[in-house]
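Peer 1: My questions concern the predicted model and sequence given below.
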Amino acid sequence: MTAQPWIRIGDLARELDEPAHVLRWWEHEFAQRGQVRRMVGGWRCYPPETANLFREVHRLLRVEMFTTEGAKRQLRLAREREQAAG
């Protein structure tokens with residue numbers, strides 16, 4: 001199986017129907033350092049794990065209507081359950 005390619009900020013922003021500046025803010029609020037890379041031409045690109053994180057953040061904030069703090073709490077609980085399971 002081939003690794004998923006990194007996704008450019010503009011492509012992910014279009015997929016999520018969010019402005020790029022929102023994704024840059026999510027970088028600050030939700031992603032760990034080092035999970036964004038500047039490609040040739042200066043484009044921000046995300047690895048598949050970060051793109052999936054932002055998809056989940058989008059679901060929590062826009063669909064489930066959590067606050068930022070509530071979304072952080074849900075992500076933390078999901079991570080703890082994952083670690084406990086295995």
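Peer 2: The structure has been received and is ready for your questions.
Peer 1: use CA for all of it now, contacts and neighbours both
Peer 2: Fine.
Peer 1: what is the mean pLDDT for stretch 32-39?
Peer 2: Stretch 32-39 shows a mean pLDDT of 78.
Peer 1: how far is that stretch from where the chain is centred?
Peer 2: 11 Å (CA atoms, centre = their mean, to the nearest Å).
Peer 1: what are the ranges of the strands in this structure?
Peer 2: Along the chain, counting by DSSP state E, strands occupy 7-8, 37-38, 44-46.
Peer 1: Please work out the average pLDDT along the first one.
Peer 2: Per-region confidence: strand 7-8 scores 94 on mean pLDDT.
Peer 1: For residue 51, which residues are in contact?
Peer 2: Residues in contact with residue 51 (CA atoms under 8 Å, 6 or more residues apart in numbering) are 7, 12.
Peer 1: Any figure for the gap between the residue nearest the centre of the chain and residue 15?
Peer 2: By CA atoms, centre = their mean, the chain has its centre lying nearest to residue 54, at 2.2 Å. For residue 54, the distance to residue 15 equals 11 Å [CA to CA, to the nearest Å].
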